[in-house]
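Engineer: what follows is a predicted protein model with its sequence.
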Amino acid sequence: MASFIQEYVASTVSASLDAYFEGVSKDAIGVALWDGELELEGLTLRASVLEDLKLPVQVRRVTVERLSASVPWGSFGLSPVVVTLGGVHVEAQPHGGWDWTPEEVAAYKLAKKLRDAVRRIARMESAAAASNSWLSGMAARFLENITVRVSDIHVRYVDTTSNPDRGFCIGFILE
């Protein structure tokens, strides 16, 4: 029974992390998470995660040096699961321009609507499947009781388009 629960929790957490980061290993999560401590290194944020934020800059890349999680199995549901992101590196640049043709704008809007509809359907299906399961209730409690801490944020903005003869970059660090 314990291995079944371990596999289920590892799959749920892996799927949740995989929605945001590339290269998440379910096997590493399963072993480490069951011990109460999870440590992942060298993660890259998926480009699609930031699309809907409509940022005033184009984020070229986001990497996370360390993602660690502490799961208090002894007081599960009472104490939060603490997720710490350390060494977050963000590289941004100005938008390449807003010169989209009307067809491109329409295609983008349609793709966004389809993506949102697929996400809603997937959430409804998983909620319907999970509503009858004790394990899914435990997994839901696990995902709802998370505290996220972020440290060592490095932001670098590179602009070679405003003045092609003399580009510039600027950066800052938030500890």
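Structural biologist: Happy to help now that I have it.

Engineer: any stretches of the chain with poor pLDDT?
Structural biologist: 1-6, 9, 26-34, 52, 96-100, 122, 125-140, 142 (pLDDT under 70).

Engineer: can you point out the buried residues in the longest helix along it?
Structural biologist: For the chain, the helix with the greatest residue count under DSSP state H is helix 102-130. By 16 or more other CB atoms under 10 Å, helix 102-130 has no buried positions at all. Glycine gets a C-beta too; all of them are placed from N, C-alpha and C.

Engineer: 41 is where my numbering starts, stick with that
Structural biologist: I'll keep to 41 as the first residue from here, and by that count the last item is helix 142-170.

Engineer: which strand or helix spans Ser202?
Structural biologist: Counting by DSSP states H and E, there is no helix or strand that carries Ser202.

Engineer: need the contact list for it.
Structural biologist: By CB atoms under 8 Å, 6 or more residues apart in numbering, the contact set of Ser202 is Pro134.

Engineer: for Val104, same thing?
Structural biologist: 61, 82-85, 125-129.

Engineer: same check, this time on Ser119
Structural biologist: Pro112.

Engineer: now Glu105
Structural biologist: 81-82, 126-129, 192.

Engineer: helix, strand, or coil at it?
Structural biologist: Put simply, Glu105 is strand when judged by DSSP: H, G, I helix; E, B strand; the rest coil.

Engineer: what separation is there between it and Leu125?
Structural biologist: 9 Å (CB to CB, to the nearest Å).

Engineer: closest one of the contacts of Glu105 to Asp205?
Structural biologist: His129 (27.9 Å; CB to CB).

Engineer: spatially nearest residue to the most centrally placed residue in the chain, not counting backbone neighbours?
Structural biologist: The residue lying closest to the centre of the chain (CA atoms, centre = their mean) is Tyr60, at 2.7 Å. Nearest non-adjacent residue to Tyr60, counting by CB to CB, 6 or more residues apart in numbering: Val89, 5.4 Å away.
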